[in-house]
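Enquirer: Generate coordinates for the sequence data below:
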Amino acid sequence: MARPGRGGGASSIWRALGALFTLARFDRRGRWGEKVASRYLEAVGYEILATNFRVRGGEADLICAKDGVVVAVEVKSRQSFRFGTA
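Expert: Numbering: from 1, shown residues only. Now for the predicted structure:
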């Protein structure tokens, strides 16, 4: 097997493995952000109706309700404020 970055078919394998590890890290951060958002919304009086709600047109991280109003929430988690706040 060729060394990473030296061309050949092996380099594409290393790129794919790197992409998988990166996705796993972002997935963990995303789940953490959803938990934090869910706890906050519950603390301010929202009832969480569903998580990771999927329909044909897309997905919402949280579906919650308060005072008869149903809200779809998309959570964005960031590691730093480098690109501003959400």
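Enquirer: what about Arg54, neighbour count?
Expert: 9 (other Cβ atoms under 10 Å). For every residue, glycine as well, the C-beta is placed using N, CA and C.
Enquirer: could we number from 504 for the rest of this?
Expert: Done: numbering now begins at 504, and the last item shifts to Arg557.
Enquirer: so what's it bridging to?
Expert: Bridge pairing for Arg557 (DSSP bridges) gives the partners Glu562.
Enquirer: Show the pLDDT at it.
Expert: Arg557 is assigned 87 on the pLDDT scale.
Enquirer: Equivalent analysis for Arg506, please.
Expert: pLDDT for Arg506: 49.
Enquirer: Also Ile516?
Expert: Ile516 carries a pLDDT value of 62.
Enquirer: How about the one 5 residues further on?
Expert: The confidence metric pLDDT takes the value 57 at Gly521.
Enquirer: can you tell me the helix or strand for Ile551?
Expert: Following DSSP states H and E, one finds Ile551 within strand 550-558.
Enquirer: From Tyr549, how far off is Val574?
Expert: Going from Val574 to Tyr549 by Cβ to Cβ, to the nearest Å gives 7 Å.
Enquirer: counting contacts, what elements does the strand holding Ile551 pack onto?
Expert: Identification of packing neighbours for strand 550-558 by 3 or more Cβ pairs under 8 Å, 6 or more residues apart in numbering; DSSP states H and E yields helix 511-546, strand 561-569.
Enquirer: That strand versus strand 561-569: what angle between them?
Expert: Counting by axes from the mean of the first three to the mean of the last three Cα atoms, to 10 degrees, strand 550-558 lies at 160 degrees to strand 561-569.
Enquirer: Give the buried residues for strand 550-558.
Expert: Of the residues in strand 550-558, Thr554 count as buried by neighbour count, 16 or more other Cβ atoms under 10 Å.
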